[in-house]
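> this one's sequence-less:
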């Protein structure tokens, strides 16, 4: 995780934008810098969660998502704008236009 922080400009200099603020189980946010961003999602509950992923309002309507770090034990299937998260899991991805 520390290596990512030093490697990715968005984590060092990017603006913090909270996502899904009404979700009491998952902390999710984007650190945005120029034409890229880093997405961070943390499921803080002991149950599976389906987290809505809507990035068009941030200027990433047709975004390309590249996984940087995850704690998932099973593959991450695409699910119509939702990210399925295992209990107490983390998902960090790079988003580019």
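Sure, I can see it. A quick note: this is a predicted structure, and the numbers were derived from the prediction, not measured. Numbers count the residues shown, from 1 in each chain.

> contacts and neighbour counts: CA atoms only from here.
OK.

> Which parts of this protein are helices?
Using DSSP state H, the helices found in the chain span residues 2-7, 9-13.

> out of the ones you listed, deepest packed?
Of the helices of the chain, the one with the most neighbours on average (mean count of other C-alpha atoms under 10 Å) is helix 9-13, at a mean of 17.

> Now do the residue nearest to the spatial centre of the chain against residue 97, distance only.
Nearest to the mean C-alpha position of the chain, counting by C-alpha atoms, centre = their mean, stands residue 39 at 3.0 Å. Noted for residue 39: a distance of 13 Å to residue 97, by C-alpha to C-alpha, to the nearest Å.

> Also residue 26?
25 Å.

> and these two? which has more neighbours close in?
When residue 26 and residue 97 are compared for neighbours, residue 26 comes out ahead with 23 against 12, by other C-alpha atoms under 10 Å.

> How about the contacts made by the more buried one?
Shown in contact with residue 26 (C-alpha atoms under 8 Å, 6 or more residues apart in numbering): 41, 42, 43, 44, 45, 49, 51.

> Now list the buried members of these.
Using 16 or more other C-alpha atoms under 10 Å as the burial test, the contacts of residue 26 include 41, 42, 43, 44, 49, 51 as buried.

> tell me the contacts of residue 37?
Applying C-alpha under 8 Å, 6+ apart, the residues near residue 37 are 10, 14, 30, 31, 94, 95, 96.

> Please enumerate residues in contact with stretch 67-87?
43-54, 89-94.

> Can you give me the end-to-end span of it?
18 Å.

> now do stretch 40-52
By C-alpha to C-alpha, one end of stretch 40-52 lies 13 Å from the other end.

> Also stretch 83-94?
15 Å.

> thinking again about what came up before, adding distance to residue 58 and pLDDT as columns, could you present the contacts of residue 26 in JSON lines?
JSON lines is the format used below for those (distance: C-alpha to C-alpha, whole Å; pLDDT from 0 to 100):
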{"residue": "41", "distance to residue 58": "16", "pLDDT": "94"}
{"residue": "42", "distance to residue 58": "20", "pLDDT": "96"}
{"residue": "43", "distance to residue 58": "22", "pLDDT": "97"}
{"residue": "44", "distance to residue 58": "24", "pLDDT": "97"}
{"residue": "45", "distance to residue 58": "26", "pLDDT": "97"}
{"residue": "49", "distance to residue 58": "23", "pLDDT": "93"}
{"residue": "51", "distance to residue 58": "17", "pLDDT": "89"}
